[in-house]
Every structure is written in C-alpha cells, then in structure tokens.
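Q: coordinates only, sequence not included:
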C-alpha cells in the first residue's frame, strides 16, 4: 500500500473533540474562553477552613479541535466528526472514531445513540446511512463493496458480536489476533459480512448491540462492561483498472474508567472493572511511549501487545490512519477530578502523530484475468497471421468459406454489442474463438447493419418532420442542393481555397503584421490591449487587491485587540494581588462586589469594550473572506476566458498568415508556361536573380532558425512549405510560455 504523493504520507495529529454531558446542576467549575471558544478552563475552589496554606493547582486549561457543549445534539456531533470520517474513507484513507471518558459520561449515547427518538441516533447509524447515500450518488465510475464486523473485548478476550449462538460466553470461540510475515494483522473467528444496503448494515449493528455485555452500577444503570469496535471495510474498483482501494472505518466505544469506591462494585462487576481499568492503563502506556518517540525522534518500544485493545487499535494510534477522539465528561462538581483527568489524557492523545496514506494496491485476480485475455488475443492474432483457418477443410470440399453458422453469427453479434457498450477504452472485441476471414467478414457485415439501422432511424425521423411533402420527387429535389453544396465544399477544400478571415475574432480585430505574429509574447500584448473584457478583469484584480489589504488590516486589528485584552487582564491580576496583600496586612474581610476599586472597574470596562470591538472586527473579517473568494473566482474566470480567446485568435491568425504567404509566393514566382532550356540559359545570363527575393528567403530563414542540415531548395513553393512547417512548430513550442 503506497501513497500517491509525499503529502499524503505527512504526519498528522489526532483530532480531539470534547463533548459535555447535559446536567441539571447549576454549580459548575468550568468555563469556555471568550476569545477562543475551543479552550476550556477549570477553576477549582481552594479549601480555606484550616490554617494550612494550600498551594495546589486550581486552574487547568485545555485546548481542543472543537467543543460540543450541553446544547449540542447528535446531528452536531455527526457533522463535526462523522462527515470528515466518511470523506476520508471514500478517498481511500483508514479512519477511526473512538469515545473516551468515565462511566456514565455519555460515550455509548454518542457512538450508538438512544432508542427513544429517531433524532437520538448516534454516530454509527448516521455514518452507515450517509455512507450508502454517498455511494449510491457517486459518479466517479467506482464500484464499491462494503463489509462489516463487530468485535467485543470483554475481560481481555475478544468475541464476535455478529455470530448467532445460544451458548454461554465460556463456550463461544474467542477471537484471536494473528500477525503474518509482512506485519499485517488478521483476526481468527471474527466474521466479515458483505452488506449491500443501509438496511443490512443497520440490522447487523442492532444484532451486535443486543449481544453486548452490560451491567447496572451506582453511576450508570446500563453501563457497558466491554470495549466494542464496529468496523466498515470499503473496497472501490474502477472499471478496467487493475488496482483496488481498500479503506476501513473503525468506530470504537471504550468502556468507561471508574473508581470502585464510587460505583460500589462487587463480585463479577468488580472483576470487570479491574479488566477495564487495566486495559485503559495499557492504553495510557502506549500514548506515553508514542509521545516519547516523537520527542526523542528515535526508536522507542511501544507496548501494543500488553492488551488486546491496544493491539487492535495499533494502526489508529501512530499508524496508517486518520483518527478522531471524542472525550466525554460530566459537568457535575463531584466528577470534576475525572473530567480533568479525561481532558489531560485527550491532550496527550492530540500529540500522537499518524502517517495516513491512500490504501491502493494491485488486485492479483484482475491482473491475471487481464493477462489471460491479452494472451488469448495475441494467440488469435498469431493464428490469423500464420494463415490458420478453421474452415480450410470445408473450402477444399467446395463449401463457401465466407459463410458462418447462425449460432456463431449470433455469438459474434452479442460480443459486438457488448464491445460497443463497454465503457473501458482498453477493451477488445472477442471473436469467440480464433480470428478467421469468415469471422472478419461477418463482423464487418454486422457493423454495417448496425450503422445502416441507425441511419434509417435518422431518415425516418426526418420524414416524420417533413410529412407535409406529398411526392418523393419533391423530397429528392429538396435534398439534392445540400448534396451539391457538400460536393462543392469538398472540392474547394481539396483545391486549397480557404474562407476569408472575419473582421473580428473573439472581439479583437485581425492583425496583419507578421513581425507581431512571429513572437507569441508580443502577439499576446497586442491582443490584450484590444481585448474588450480586459478592463473588467483589471477592475476585478484591483478590487481583490483592495479586499486583501482590508483583510490584512482587520487581522492586524484583531491581534492588537487580543494583546490589549491580555494587558488589561494582567493589570487586573496585579490590582487584585495588591488588594489581597493589603487586606491580609490590615486583617480586613473581603470586600463585596459593589466595593470594587475604581482602577479594577476601569480595566474590566475596557475589556468589555475590546470584546465588542473584537466581535465586530471578526464578523467584518468573515464577510471579507467570502468577498475575497468571490473576487478570486471572478478573476480566475476572466483570466481563463482571456487565455482561451487568445489561443483561438492566435491560431486563426497564424493559419491565415501561412495561407496568405503561400498563395502570394505561388502567384509571384509561378510562370504561365515553362520556358525551354535555351531560354532558361539566356535568361540566367541576361537577368540575374533579384536580390530582394534572396534577401527575403535569407531573412525568413534567419527568423525561423532552421535546424542544422535543413536548407532551402530554391523552389519557392517547396521553400514556403518548409518555412511554414517550422514556423508552426515554433508557435506550438512557444505557446506554453505565454502567461498573464
């Protein structure tokens, strides 16, 4: 599996999104940044009941690729995470979506969804629906095949959720992971199902969710006790191509980390919690090793094999995959420590670099089939060249060798129809056996019948449109002039007559100066000065330049506002620290909000004003962005039209210039009657060759710069043809250097 270019294999980080579960509690210790909405901060209150100074960290800030707050619904999550994953899979990249967080934070609801309402569908059913809709509407000539599997990792053992069984967990065959000599991993006892429609894929998903292991805890009544991985494998083949694109989408629902003291687990539930926490601990070790590998830029052992979950997610973490993580947290104050831990883990995940490339490889079966067809065709051609004929014996007996049995003729007709309707340009006609003269005659006859039948349909359509004619003679009289016109036109083309050039081509007048036409750059400048739409193109460029300047100034203004806000925040912190020290020294109580110092109030008001200015400037910058995009499209459209019109104008000018030069040289030097040898001798002695003609040929030869070894013959017609040929060649070679 090779990447198509170096950019595809460039390392890219894992995208991390945060989803906050809705809560009825009004007390919350987190807030989103006003300037960057993708930054979340936790402000923990410090305990001041004792005289011991508490120096523990109370503020934590985390940055994500996107934050989905309590108001975000399932559709918003799918748009942020699901749609990019579908685009990656259709483009040939492996992709992974996995949810991480403590138990009861909404991971399963995010991945699978709820069963009460249709709008509560999770990422997995929405991805299945959108993927099959996109495939059905695809117009790139690809034929797709989709396969699905559902793996559950329960107590460090793998099980197939799509296997229908009535036995207990202990009697079900476990899924094991094997590695071949090429380093590729294979799963034993894991079924792979071909799905041809959205309905089949959703049925498999429902079957797997029904077989999942769940249990009730104090934090979640339907807590999943295992890690589950739903995999969609997409194979894309283009008609006539030997390559196949294989990509997979892993949607992972990790079991939640939990503290036994809060869940009060015991017995089997406690045993499951131990396995869950240990597997998540091994996942943490893998992330730490990958970060250390990126920092030291050397080989570091990554313990993928410590658990089955990390082995399965080997490609998704530091491998050939585009991975996205959804960190789920609960906003209740009781779970703030777990939320901070989840966000810290997400920050370490974001540092992991993956090297994703398009998974395109040769299909051995397709290559073998193509080579067999080519060998069969070459053998048939060889037999035909050597004169081997299946009907030689029949011809010796006096039978006609140009007749084929009706059965073979029908087979040839079917093969021809299949060949005509085949979209592959590299396909060949199958002669249904060896190539023989009777088959060649039959093929020609069948093609002729097809062409004549289509022509008859066209004639019949014309007769229906001209049904007002009553006699065949009138119809023949109407059609005969067009036939005469076609004959005259053909004769004119054979004798070299050309239609006169139009006064204007693409809105620009005709140029008759050969010195201008000899240099494509000069010709383009001449054309551009007279082009009617060049003024509008220049106006669009000026508008685009002005908008660029406005956008640059707006961006500079945004940076100034940010620095001003940071300065005011620093001043507020200094004022608060100074006031706190004064209060401690004076043993005064904390002042109320209404007794805020004037200087602190001044800075707060200044920050509010700067925020309003920031929002207005940002909105103006967004409007400028859309305006710039429209102006760029308009400039590009005008540039392409100018280039296209110039190519057409220059082609006609060069053609007319060559025709005019050739006709002038013929009229100037061709004699009405050929002189005798004596007259030629006397003429050569009495009248020398005009110097103007010699200078003309020398000048034209110097302009064209004939290659070494190519010389003029002295015959005007032959020399003009040689010069015209090399002039056209020079025009074609220099046309690529023309730029706006």
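A: Arrived safely, thanks for sending. This structure is a prediction, so every number in the text was calculated from the model and none was measured. Numbers count the residues shown, from 1 in each chain.
Q: Check which residues of stretch 236-245 are buried.
A: Neighbour-count burial for stretch 236-245, counted by 16 or more other Cβ atoms under 10 Å, picks out 236-237, 241-242, 244-245. Yep, even glycine has a C-beta here, placed from its N, CA and C like the rest.
Q: right, I mislabeled it, should have said stretch 76-89
A: For stretch 76-89, by 16+ other Cβ under 10 Å, it's 77-78, 80-82, 85-86, 88-89.
Q: Name the nearest of those residues relative to residue 640.
A: residue 88 (31.1 Å; Cβ to Cβ).
Q: Residue 541 versus that closest one, what's the distance?
A: 37 Å (Cβ to Cβ, to the nearest Å).
Q: Turn the buried residues of stretch 236-245 into TSV, columns for secondary structure.
A: Shown next, in TSV, are these (DSSP: H, G, I helix; E, B strand; the rest coil):
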residue	secondary structure
236	strand
237	strand
241	coil
242	coil
244	strand
245	strand
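Q: ok, which pair from the residues you listed is furthest apart?
A: Across the buried residues of stretch 236-245, the longest distance by Cβ to Cβ is 13.3 Å; it joins 236 and 242.
Q: Which neighbours do these two have in common?
A: Common neighbours of residue 236 and residue 242 (criterion: Cβ atoms under 8 Å, 6 or more residues apart in numbering): none identified.
Q: what are the phi and psi angles of residue 143?
A: phi -110, psi 120 (degrees, to the nearest 10).
Q: What's opposite it in the beta bridge?
A: residue 237 (DSSP bridges).
Q: Same check on residue 62?
A: Beta-bridge partners of residue 62, as defined by DSSP bridges: residue 40.
Q: That one reaches residue 346, doesn't it?
A: Yes: the pair residue 62 / residue 346 is scored as a contact, 7.1 Å apart, by Cβ atoms under 8 Å.
Q: Pull out the buried positions in stretch 114-129.
A: 121-129.
Q: Please list all residues in contact with residue 540.
A: 631, 634-635, 638.
Q: out of the residues you listed, who's nearest residue 444?
A: Checking those against residue 444 with Cβ to Cβ, the nearest one is residue 638 at 51.2 Å.
Q: What helix or strand is the closest one located in?
A: Secondary structure from DSSP states H and E places residue 638 in helix 598-669.
Q: Show me what that helix is packed up against.
A: When contacts are defined as 3 or more Cβ pairs under 8 Å, 6 or more residues apart in numbering; DSSP states H and E, helix 598-669 sits against strand 504-505, helix 514-518, helix 520-530, helix 534-586, helix 716-735.
Q: can you do 10 Å?
A: strand 504-505, strand 508-509, helix 514-518, helix 520-530, helix 534-586, helix 691-704, helix 716-735 (3 or more Cβ pairs under 10 Å, 6 or more residues apart in numbering; DSSP states H and E).
Q: circling back to that earlier point, which neighbours do residue 62 and residue 346 share?
A: Counting by Cβ atoms under 10 Å, 6 or more residues apart in numbering, the common neighbours of residue 62 and residue 346 are 16, 18, 327.
Q: which one among those residues gets closest to residue 102?
A: Using Cβ to Cβ, the shared contacts of residue 62 and residue 346 come closest to residue 102 at residue 327, 10.3 Å.
Q: Make sure that closest one is indeed in a strand.
A: Yes: judged by three-state DSSP, residue 327 forms part of a strand.
Q: Count the neighbours of it for me.
A: 26 (other Cβ atoms under 10 Å).
Q: same deal with residue 576?
A: 12.
Q: Run through the residues that contact the residue lying closest to it once chain neighbours are set aside.
A: Leaving aside its chain neighbours, residue 576 sits nearest to residue 600 (7.0 Å; criterion: Cβ to Cβ, 6 or more residues apart in numbering). By Cβ under 10 Å, 6+ apart, the contact set of residue 600 is 571-572, 574-576, 579.
Q: Relative to residue 139, which of those is nearest.
A: residue 572 (58.5 Å).
Q: Pull the contacting residues for the closest one.
A: With Cβ under 10 Å, 6+ apart, residue 572 has these contacts: 599-604, 606-607.
Q: how about 6 Å then?
A: 600, 603 (Cβ atoms under 6 Å, 6 or more residues apart in numbering).
Q: So for it, what's the pLDDT?
A: In this model, residue 572 is scored at 88, pLDDT.
Q: The one 5 residues further on now?
A: The pLDDT attached to residue 577 in the predicted structure is 83.
Q: what about it, how many residues close to it?
A: Neighbour number of residue 577 under other Cβ under 10 Å is 10.
Q: And residue 14, by the same measure?
A: Neighbour number of residue 14 under other Cβ under 10 Å is 25.
Q: quick one: contacts for it?
A: 323, 325, 349-350, 352.
Q: can we see that at 7 Å?
A: Counting by Cβ atoms under 7 Å, 6 or more residues apart in numbering, residue 14 makes contact with 323, 325, 349-350, 352, 354.
Q: Sort out which of the residues you listed are in strands and list them.
A: 323, 325, 354 (DSSP state E).
Q: Quick one: which of those has the lowest pLDDT value?
A: residue 354 (88).
Q: Surely that residue and residue 325 touch.
A: No: Residue 354 is beyond contact range of residue 325, at 11.8 Å (criterion: Cβ atoms under 7 Å).
Q: For the two, indicate the residue with more neighbours.
A: residue 325 (25 against 20).
Q: what's the nearest residue to the more buried one if we skip its chain neighbours?
A: Spatial nearest neighbour of residue 325, excluding adjacent residues (Cβ to Cβ, 6+ apart): residue 16 at 4.9 Å.
Q: quick one: pLDDT of residue 83?
A: 94.
Q: let me fix that: residue 13
A: At residue 13, pLDDT is 83.
Q: And for residue 469?
A: pLDDT, residue 469: 41.
Q: what does residue 226 give?
A: On the pLDDT scale, residue 226 gets 85.
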